[in-house]
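In: Need coordinates for the below:
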Amino acid sequence: MHISTQPTAKHGRRWRLIAFVLGLFLTAAVVTVRLVVARAQPILRTRLIQTLSNRFQSKVELTSLNVSVIRGLEVSGSGLKIYGPSDPNPYEPGVQALITLQEFHFHTGIRNLFRPTVHVDTVYLKGMELNLPPKESRPEFTKKMRSQTRKMSVVVDRFVCEDTRLLINNSNPSKPPLEFAISDLKMKDIGPGQPLHFDATLVNPKPVGNIQSTGLFGPWHEDHPRDTPVQGDYSFSNADLGTLKGIGGILSSTGRYAGTLSNIVVDGTTDTPDFRITTSGHAVPLHTEFHAIVDGTSGDTHLSPVKAKLLHSFFTAKGSVTRIRGRRGHDIELDVVVEHAEIEDLLKAGVRTDPPVMTGPVKMRTQLSLLPGEGDVADRLHLAGNFDVQGGHFTNQKVQSRLDSLSIRTQGKGKAKQENPQDPVATHLRGIFKLEDGLLSFSLLHFSIPGTQVDMAGNYSLDGRTFDFQGTARLDAKLSQMTSGWKSILLKPVDPFFSKNGAGTQVPVKITGTQSEPHFGLDFGHKDEHKVFQKDFDSAAKH
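Out: From the prediction side, this is the model:
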């Protein structure tokens, strides 16, 4: 039996030929890819540096650039620095870059590389720092940029940025730039003559928290950057007020803004369900609604007005938040008006005593100043104003009872019972005050109940270590009328010495000592004949 081997030999030669052709093709492909990669990297590097140099009319530095064509054209790099025509940040020593990038990468088709304009869908950036020049330098800077806009050979549709810092500089080298930390930033629809769509997460340093914002920015006004339009919405949640020494609570805020970069109108609300001042330790709900105008180039803010609700009390404020030359932070200056409030709400927020020592309606006007710094809010807070409590009552029944008794005596009713003993006497309390460096000073402190009026002046430290008040008590009754029996007879001869200026009795009084050991008394030798008055007066004043 004979078997032919001729077809098998033909098939073997055919497969060897196919294998040879495939090998040749793969070799050519590998060589081509290597050539493309070898050519792509310097071409792209040149294109990138040329585009940026033309755009900013200054030198460009690039530490590394890596190119891969395994899945299209993939480019990554690091250490990119773009300098402007002048130093944008006079506050820092040396010449600072206009734009600094720690890392970047993007992907595009290989064919894009050989077109006049390289089109990139998305560029991913990490560790970007933007140094906006001082406003005095911006017109010249933007004019040079505009003249080179048409020379751009790389177009990007969308930027995705991680860990971005925006510095808005000023020409004074002693004044630090306004700084914004942006943890995430997405920008799209980037092009001349149209607004830029953005989605950003800003890191607020104090109080610590993240601000989410979406909106439109632009189109950019090159001749007058301050007139560039901006609008959007924001939300600020889980902001820890505890990062500000002296206060605490978790704040949230939402709102809208619109206008130009130098005149942004903001309307929003804040809620802090557990707001507390460290000196009191009491958590109280605080809600505000505000209308503000913000200069985005300086950070200065004008509030007009802020409407606030603290527990069941309402107040309004107007003023400004501005930067101070040579210091980090902002100076807060407000005019505060309290028209519909309860004294117990304010005491609960500011004083550790629980329950609050007094109830009743209060009105107050004050100028508030909070200077920047790292110290406790209470030490940096300055106040100057007046307050008026009408119809106040003390929550401690023993104290209120003693005031009721004092009122009876100083009206000359002796130990007679009140016609309506179930109705406690109302207290009127008003004053003119100033708070500075933790010391509360009163140029006038007026206290009155039926039969008794006391006018004093003095100082009280918020830490409770200092009491120092002097003044005058005026009583309707004479000394002899405040008691009965043989004591009344013995005091009649001294009545004329204390009946002054239309008062039945007028005597000097003082309060000294500390919060733990206050001393109340008459402001002269504590003579025996005044012990009857002083016993009742001291009992009431001590509480």
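
In: Report how many residues lie close to residue 376.
Out: 15 (other Cβ atoms under 10 Å). C-beta: built from backbone N, CA, C; applies to glycine.

In: Output the helix or strand hosting residue 126 in PDB, but only the C-alpha positions, please.
Out: Secondary structure from DSSP states H and E places residue 126 in strand 118-132. Output in PDB follows, covering the C-alpha atoms of strand 118-132 (Å, rounded to 0.1, in the frame of the first residue of the first chain):
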ATOM      1  CA  VAL A 118      -4.500  67.800  20.000                       C
ATOM      2  CA  HIS A 119      -8.000  67.200  21.500                       C
ATOM      3  CA  VAL A 120      -8.200  65.700  25.000                       C
ATOM      4  CA  ASP A 121     -11.400  64.700  26.600                       C
ATOM      5  CA  THR A 122     -10.400  64.700  30.300                       C
ATOM      6  CA  VAL A 123      -7.200  65.700  32.100                       C
ATOM      7  CA  TYR A 124      -6.700  64.500  35.700                       C
ATOM      8  CA  LEU A 125      -4.700  66.800  38.000                       C
ATOM      9  CA  LYS A 126      -3.300  66.300  41.500                       C
ATOM     10  CA  GLY A 127      -1.700  68.800  43.800                       C
ATOM     11  CA  MET A 128      -2.500  71.900  41.800                       C
ATOM     12  CA  GLU A 129      -1.700  75.300  43.200                       C
ATOM     13  CA  LEU A 130      -3.000  78.400  41.400                       C
ATOM     14  CA  ASN A 131      -1.400  81.800  42.300                       C
ATOM     15  CA  LEU A 132      -3.700  84.600  41.100                       C
END
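
In: same for that strand, what does it pack against?
Out: strand 99-108, strand 154-168 (3 or more Cβ pairs under 8 Å, 6 or more residues apart in numbering; DSSP states H and E).

In: lowest-confidence stretch among those strands?
Out: When these are ranked by mean pLDDT, strand 154-168 comes last with a mean of 81.

In: Walk me through which strands it pairs with, and which way each runs.
Out: strand 118-132 (parallel), strand 178-188 (antiparallel) (DSSP bridges).

In: is it possible to export those strands to CSV including distance to residue 258, mean pLDDT and mean neighbour count?
Out: Conversion of these to CSV gives the following (distance: least, Cβ to Cβ, whole Å; pLDDT from 0 to 100; neighbours: other Cβ atoms under 10 Å):
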stretch, distance to residue 258, mean pLDDT, mean neighbour count
strand 118-132, 21, 84, 18
strand 178-188, 19, 79, 17
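
In: and of those, who's closest to residue 59?
Out: Proximity to residue 59, assessed across these by Cβ to Cβ, is greatest for strand 118-132 (14.9 Å).

In: What lies in contact with the closest one?
Out: For strand 118-132, contacts defined as Cβ atoms under 8 Å, 6 or more residues apart in numbering pick out 44, 47, 84, 88-89, 96-108, 112, 138, 153-169, 177.

In: cutoff 6 Å now
Out: In this structure, residues lying in contact with strand 118-132 by Cβ atoms under 6 Å, 6 or more residues apart in numbering are 88-89, 96, 98-106, 108, 112, 154-168.

In: ok so, going back, would you convert the helices and strands packed on strand 118-132 into JSON lines that also reports distance to residue 268 and mean neighbour count?
Out: As requested, the helices and strands packed on strand 118-132 are exported to JSON lines (distance: least, Cβ to Cβ, whole Å; neighbours: other Cβ atoms under 10 Å):
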{"stretch": "strand 99-108", "distance to residue 268": "31", "mean neighbour count": "18"}
{"stretch": "strand 154-168", "distance to residue 268": "21", "mean neighbour count": "18"}
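
In: Out of those, which is closest to residue 393?
Out: strand 154-168 (53.4 Å).

In: Any chance of the helices and strands packed on strand 118-132 in CSV with distance to residue 263 as columns?
Out: Putting the helices and strands packed on strand 118-132 into CSV (distance: least, Cβ to Cβ, whole Å) gives the following:
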stretch, distance to residue 263
strand 99-108, 26
strand 154-168, 15
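
In: still on that earlier bit, out of the strands paired with strand 154-168, which is closest to residue 216?
Out: Counting by Cβ to Cβ, residue 216 lies closest to strand 178-188 out of the strands paired with strand 154-168; the figure is 10.8 Å.

In: What does the closest residue to residue 492 other than its chain neighbours show for phi and psi?
Out: Counting by Cβ to Cβ, 6 or more residues apart in numbering, residue 480 is the residue found nearest to residue 492 once chain neighbours are left out, at 4.5 Å. Backbone torsions for residue 480, taken as degrees, to the nearest 10, come to phi -70, psi -20.

In: Residue 480 and residue 487 touch, don't they?
Out: No. Residue 480 is beyond contact range of residue 487, at 8.2 Å (criterion: Cβ atoms under 6 Å).

In: Between these two, which is the more surrounded one?
Out: For residue 480 versus residue 487, neighbours defined as other Cβ under 10 Å are more numerous around residue 480 (21 against 14).

In: which residues sit in contact with the more buried one?
Out: Taking Cβ under 6 Å, 6+ apart as the test, what residue 480 contacts is 488, 491, 492, 495.

In: Where does pLDDT dip in the stretch 301-450 of the chain?
Out: 325-329, 414-422 (pLDDT under 70).

In: Please enumerate the helices of it.
Out: 343-350, 377-380, 397-410 (DSSP state H, counting those that start in this stretch).

In: right, so those: which one is the most enclosed?
Out: When the helices of the stretch 301-450 of the chain are scored by mean count of other Cβ atoms under 10 Å, the highest mean neighbour count falls to helix 343-350 (a mean of 21).

In: Quick check, pLDDT for residue 69.
Out: 69.

In: dump the residue contacts of residue 315.
Out: Contacts of residue 315 by Cβ under 6 Å, 6+ apart are 308, 338.

In: beta partners for the closest residue to residue 303 other than its chain neighbours?
Out: Distance criterion Cβ to Cβ, 6+ apart; nearest residue to residue 303, sequence neighbours excluded, is residue 292 at 5.1 Å. Beta-bridge partners for residue 292, by DSSP bridges, are residue 266, residue 303.

In: Residue 292 and residue 301 touch, don't they?
Out: Yes. The pair residue 292 and residue 301 passes the contact test of Cβ under 6 Å, sitting 5.4 Å apart.

In: Helices along the stretch 1-150 of the chain, start to end?
Out: Using DSSP H, counting those that start in this stretch, helices in the stretch 1-150 of the chain cover 6-56, 138-147.

In: weakest of those helices by average pLDDT?
Out: The minimum mean pLDDT among these belongs to helix 138-147 (a mean of 52).
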